[in-house]
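Participant: Quick one, structure for this:
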Amino acid sequence: MKTSLPAFIVINVLCVSGDAFQQSSSAFVSNSMRTQSCRLMSSRNRSGMTMFLEGVKSSKILKKEETRDTTMLGDLEIPTIGVGTISWSSKSLTTLENLELQSLVSEASNENAAFFDTAERYGSHIKSALGLGWGETEQMLQKFLKEEVSSQTSTNQMRPIIATKFTPSPWRNSVESVVEACEESRKRLGVEQIDLYQLHMPDIVQPLKKFGIGSNKDEMYWEGLAECYKRGLVKNVGVCNYGPTLLSKCQNALAKHSVPLASNQIAYSLIGRHNGSQETLDKCNELGIKVLAYYPFAMGLLTGKYSKETLASLDDSLATSTKSALEIKDMKAYADDILPLLTAMEGISKRRGKSLAQIALNYVICKGAIPIPGSRTVGQLKDNIGAMNWRLTSAEIKDLEIKADGIGFEGAGFKRTSEKFVGYGVEKWHLD
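Facilitator: Predicted coordinates:
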């Protein structure tokens, strides 16, 4: 004897199982109207779920847009923290391969923190040590960004911003030499226009100046920057390691060609505000020129990495690092002086739930500059990004500056804040 199911059971089963239930017994013909009704309900449910998921997705996108921490550099909207590439190196001598760096580029793009600062002279470590490898980091960056763009699914990601640099050299002695170098960098980066093209330093490489041979080519290089801009090869131009005097001269020279000076990259950190750095930053803020700050961690001192307080032994820490003997010697000299500052930073760290590195970067942001910490791993990048979307208070900044006054970070080994080893010796510049 066949038994009919109660109508309410049929309706409930239909609504739960949807279209699959259409293959059930034909004995339920009398419930066909209910079936059609439930199909409509199922359709509406699916439609409603789709709208809900789209709403969640839109909410996430809106939230991501609202939490973007950006600033303006020339006509570019860029993240408030950059990614330094001087330490990038290929894992192969014959190809440009580094899976960790590929992941880093992907992470930076996904987090809207893809502002990369590189230079034509940056290359794999071994080759660079031999004076080779020019342009390799530019090529790596192009390769990784191309792979990232091809796999990109979000339409909300900010476009990656690339800054590179021209290296003043004795053999580059014409306006066209700047243009040619710019063209080569543009090709290696795989872009129509370079977002920011910078002079790497003042024209200090003068190997024969002791013999009265050679002349300063700064003005010629400024003309070269202007020409690159006018030809549409670059969107913005900048300089590096210029003090207020040279900065004003450069800005005036470019203004004659209606070319704005967008940036000036200098060594700047909580313990690197002396020797004209703070005065240069103040002047740049006054003139509307954005400062890019390298050495924002003071080569790791502001992360606590080389502190006697945070490590069992300073000697053990430095022995396991990749620093040279000269760098180790110089880093030891700062260990005692920096303890009061690190203690103050640790207090802020506990209150805010931020790392010492994030506090060091946020300080630079609060002063109106864009820190450019070197990043080689995804972990380093993520920690750097944690310095965005919040700000130190004026009281915290004042306390940190009091503790930092008098330390005066100058660099370590051959890595100095106001000089460069150039093969035949050391050349210096002054931020005056």
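Participant: Sort out which residues of stretch 358-378 are buried, please.
Facilitator: Residues of stretch 358-378 classed as buried: 358-365, 367, 369-376, 378 (neighbour count, 16 or more other CB atoms under 10 Å). (Glycine included, C-beta is placed from N, CA and C.)
Participant: and if you look at stretch 91-108?
Facilitator: Buried-residue list, stretch 91-108, by 16+ other CB under 10 Å: Leu96, Asn98, Leu101, Gln102, Leu104, Val105, Ser106, Glu107, Ala108.
Participant: Residues in contact with that stretch: which ones?
Facilitator: Contact with stretch 91-108 is made by 83, 88-90, 114, 116, 124, 126-127, 136, 139-141, 143-145, 147-148, 151, 160, 375-378, 381-382, as judged by CB atoms under 8 Å, 6 or more residues apart in numbering.
Participant: neighbouring contacts of stretch 80-88?
Facilitator: Contacts for stretch 80-88 (CB under 8 Å, 6+ apart): 69-71, 98, 101, 104, 108, 113-119, 122, 137, 140-141, 163, 292, 294, 361, 365, 370-376, 381, 384-385, 387-388.
Participant: Next step: these restricted to strands.
Facilitator: If you go by DSSP state E, these have Thr70, Thr71, Phe115, Phe116, Asp117, Ala163, Leu292, Tyr294, Ile370, Pro371 in strands.
Participant: Widest-spaced pair of the residues you listed?
Facilitator: Thr70 and Tyr294 (19.9 Å; CB to CB).
Participant: I'd guessed Phe297 sits against Tyr306; true?
Facilitator: No. Counting by CB atoms under 8 Å, Phe297 stays clear of Tyr306, with 10.3 Å between them.
Participant: residues contacting Ser185?
Facilitator: Glu120, Gly135, Glu138, Thr164, Phe166, Ile194, Tyr197.
Participant: Kindly report the same for Ser324.
Facilitator: Gly413, Phe414.
Participant: Have a look at Thr70 and Tyr294 and say which one is more surrounded.
Facilitator: Tyr294 (22 against 15; other CB atoms under 10 Å).
Participant: so what pLDDT did that one get?
Facilitator: Tyr294 carries a pLDDT value of 98.
Participant: Please tell me how far it sits from Ala226.
Facilitator: 25 Å (CB to CB, to the nearest Å).
Participant: Repeat that for Asn112.
Facilitator: 32 Å.
Participant: just Asp383 next, same as before
Facilitator: Asp383 is 39 Å from Ala226, by CB to CB.
Participant: Lys415 now?
Facilitator: Counting by CB to CB, the gap from Lys415 to Ala226 is 32 Å.
Participant: cool, Leu196 as well?
Facilitator: Leu196 is 15 Å from Ala226, by CB to CB.
Participant: Those two: who's more crowded?
Facilitator: Leu196 (25 against 20).
Participant: Give me the phi and psi angles of that one.
Facilitator: phi -140, psi 120 (degrees, to the nearest 10).
Participant: and the residue nearest to it when sequence neighbours are not counted, what does it touch?
Facilitator: Nearest residue to Leu196 in three dimensions, chain neighbours excluded: Ala163, at 3.8 Å (CB to CB, 6 or more residues apart in numbering). Going by CB under 8 Å, 6+ apart, Ala163 touches 82, 115-118, 194-198, 238, 263, 292.
Participant: Out of the residues you listed, which comes closest to Ser277?
Facilitator: The closest of the contacts of Ala163, once distances to Ser277 are taken by CB to CB, is Leu292, at 12.6 Å.
Participant: Assess the claim that the closest one and Ala262 are in contact.
Facilitator: No. Here Leu292 lies out of contact with Ala262, judged by CB under 8 Å, at a distance of 10.0 Å.
Participant: okay, and the common contacts of these two?
Facilitator: What both Leu292 and Ala262 touch, as defined by CB under 8 Å, 6+ apart, is the set Gly238.
Participant: Give me the phi and psi for the closest residue to Asn389 other than its chain neighbours.
Facilitator: Residue nearest to Asn389 in three dimensions, not counting chain neighbours: Asp69, with 4.8 Å by CB to CB, 6+ apart. Backbone torsions for Asp69, taken as degrees, to the nearest 10, come to phi -110, psi 100.
Participant: Any regions of this structure where pLDDT drops low?
Facilitator: Applying pLDDT under 70 to the chain flags the ranges 1-66, 93-94, 124-133, 150-155, 307-322.
Participant: Show me the strands in it, by range?
Facilitator: Counting by DSSP E, the strands of the chain are 70-73, 76-79, 83-84, 115-117, 161-166, 196-199, 237-240, 261-267, 290-294, 369-371, 411-412, 415-416, 419-421, 426-428.
Participant: would you turn the contacts of Ala163 into TSV with distance to Val179?
Facilitator: Below are those laid out as TSV (distance: CB to CB, whole Å):
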residue	distance to Val179
Gly82	25
Phe115	25
Phe116	23
Asp117	21
Thr118	19
Ile194	12
Asp195	17
Leu196	16
Tyr197	10
Gln198	15
Gly238	16
Ser263	20
Leu292	23
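Participant: ok, Ile161 to Ile78 distance?
Facilitator: The separation that Ile161 has from Ile78, given CB to CB, amounts to 5 Å.
Participant: Oops, could you answer that again for Leu270 instead?
Facilitator: Leu270 is 22 Å from Ile78, by CB to CB.
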